[in-house]
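Peer 1: predicted structure and sequence below. I'll ask about it afterward.
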Amino acid sequence: MSGTGECITAGTSLLLGLAAGFIMHRSDFCMAGMLRDLFLFRSTFKLRILLLTVLAIMVLIEAARQAGLIYLFPFPGFGSSSLANLVGGMFFGVGMVLAGGCVAGTLYKMGSGKIVSAVAFAGLIVGSTLYAEFHSVWKSFADTVRILPGKVTLAQFVGLQQGTVISVIATLLAIPLFRWWRAGKLVRSSAADGYLQPWRAGLMLALLVTVSVLIIGIPLGITTSYAKAGAWIVSLFAPGHAEGLSYFKARAFDYPNHLLGITYSGGPGPACDTISLIQFPLIGGLIAGGFLSVRLLGEFKIHARVPRSQYLSAFIGGILMGLASRMAPSCNIWHILGGLPVLAIQSILFIVGLMPGAWLGGRLLTGIVLKD
C-alpha cells in the first residue's frame, strides 16, 4: 500500500486529526464533559455547542450530497439498526464519564500531558481486545434484536426523501440555536490565553467532518484501530489464540473510493490494511494536535499527580468504552458527528442509550471515585 491514493488517505487523516486535536484542546471540546456537566451541574452550555456542530454537519453534508459530491450514501459502516446499538451506547456513556473523556478527548488530553488520559487510552485498547473473546455471542444477540431491517436512515424508515427530512429537522434545530445566539448563550467569556470560542470550534469541526466525508468517504472514526492494536499485541504473545478469534477475521469496511481510485478494505485483525491508513494517522494527529496546542501556549507539562482512585476510574472507564465501541458498534465521534447529522437510526439508538449511561457514570464518579 504505497500508491498515491493511499498516501492521500493517510495524509488527509493525519491533518484532520492534527486540526481536530488542536481545536478541541483550545476550546475544551469534550463530549464526556458535555454530558457530565448536564447531569452533575445542570449546565447545558456545551450541549448547545454540540447541537450547533451537529446542525452544521447536517447542512454541509446534505449540501454536498445534493451537489453530487458524495458517491456512497448512506455512508459505509452504517447498516440496519439493532437494540444492541442502544445497549452499547449505554455502556459507552458510563465509560466515557468514568474515563474523563471520550475516545477523542482521551487522545488530545493525553497529548497535552495528562497521564490519567494515557491510562484511559490503555483501557480502551484492553476493552476493545476483550470484546473479541465474546464477539460471536454478542453478534448473535445483536442479530436477534435487530429492528427495521434494510432501513439505515430515518428518511428510509418514514419513506421520504433524505433532503426533505433533513430540511425539516435542520429547521427545527435552527430555531432554538438562533434564539440562543441572539441571547448570547453560545458564547463563553474566558481570560485563558489562546482560548477558542466553542461555537467557532464546533463550526471548524463540522468542516473537518465534511472534508473526511468528501475525501475518504466516511465520517471521522477511530475505534476499530484500538481493537487492531490489541490484536497485534495478542498475536505477538499468543498467535494461536489470536488466529482462533473470529472477530479478528471480520471486515469493518469494504468500499470503493471513487475520488482517489482505490478500495478501502480492512478490519480489526492484526494486518496493515486500509483501516490502518485511515485511523492510525487520525489517532496520531489527535494526540499531536493536543500537544501542539499546549506547546504553543508554553504550558506543556506532565500531569501525573491525581488520586489513585481517578487512575483506576480512568482505566475501568477506558475498558468500558473499548468494549462498548465494539458492542454498539463504534463510538460517540462516529455516531454523534457522523451518523446523527444524516439521521442514521443506529446512531439515534446509540445516543438514546448514551444519555442514561452518562447519568449513571456521573453518579458513580461522584458517589465512589471523587468521594474517595
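Peer 2: Yep, it's here. All of these numbers come straight from a predicted model, not from anything done at the bench.
Peer 1: what's in contact with the host helix or strand of residue 140?
Peer 2: Using DSSP states H and E, the element containing residue 140 is helix 135-144. The contact list for helix 135-144 (Cβ atoms under 8 Å, 6 or more residues apart in numbering) reads 82, 83, 84, 131, 245, 246, 247, 250, 326, 327. C-betas here are computed from N, CA, C, even on glycine.
Peer 1: which residues are in contact with the following helix or strand past it?
Peer 2: Next helix or strand after helix 135-144 toward the C-terminus (DSSP H and E): helix 154-158. Helix 154-158 has contacts (Cβ under 8 Å, 6+ apart) with 148, 150, 151, 161, 162, 164, 165, 166, 343, 344, 345, 348.
Peer 1: what residues are up against residue 5?
Peer 2: Applying Cβ under 8 Å, 6+ apart, the residues contacting residue 5 are 257, 260, 261, 262.
Peer 1: so which helix or strand takes in the closest residue to the last one other than its chain neighbours?
Peer 2: Nearest residue to residue 262, sequence neighbours excluded (Cβ to Cβ, 6 or more residues apart in numbering): residue 5, at 3.7 Å. The secondary structure element spanning residue 5 is helix 4-27 (assigned by DSSP H and E).
Peer 1: just the mean pLDDT for that helix, thanks.
Peer 2: The average of the pLDDT scores along helix 4-27 is 97.
Peer 1: how far off centre is it?
Peer 2: Centroid separation between helix 4-27 and its chain, computed with Cα atoms, centre = their mean, to the nearest Å, is 14 Å.
Peer 1: okay, it in PDB with CA atoms only?
Peer 2: The C-alpha coordinates for helix 4-27 follow below in PDB (Å, rounded to 0.1, in the frame of the first residue of the first chain):
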ATOM      1  CA  THR A   4      -1.000   8.000  -4.500                       C
ATOM      2  CA  GLY A   5      -4.500   7.200  -3.100                       C
ATOM      3  CA  GLU A   6      -3.100   5.500   0.000                       C
ATOM      4  CA  CYS A   7      -0.700   8.400   0.600                       C
ATOM      5  CA  ILE A   8      -3.500  11.000   0.200                       C
ATOM      6  CA  THR A   9      -5.700   8.900   2.600                       C
ATOM      7  CA  ALA A  10      -3.000   8.800   5.300                       C
ATOM      8  CA  GLY A  11      -2.000  12.400   4.900                       C
ATOM      9  CA  THR A  12      -5.600  13.600   5.000                       C
ATOM     10  CA  SER A  13      -6.400  11.600   8.100                       C
ATOM     11  CA  LEU A  14      -3.200  12.900   9.800                       C
ATOM     12  CA  LEU A  15      -4.100  16.500   9.000                       C
ATOM     13  CA  LEU A  16      -7.700  16.100  10.100                       C
ATOM     14  CA  GLY A  17      -6.600  14.600  13.400                       C
ATOM     15  CA  LEU A  18      -4.000  17.300  14.000                       C
ATOM     16  CA  ALA A  19      -6.600  20.100  13.300                       C
ATOM     17  CA  ALA A  20      -9.300  18.400  15.400                       C
ATOM     18  CA  GLY A  21      -6.900  17.800  18.400                       C
ATOM     19  CA  PHE A  22      -5.800  21.400  18.300                       C
ATOM     20  CA  ILE A  23      -9.300  22.800  18.000                       C
ATOM     21  CA  MET A  24     -10.700  20.500  20.700                       C
ATOM     22  CA  HIS A  25      -7.900  21.400  23.200                       C
ATOM     23  CA  ARG A  26      -8.200  25.100  22.600                       C
ATOM     24  CA  SER A  27     -11.900  25.100  23.100                       C
END
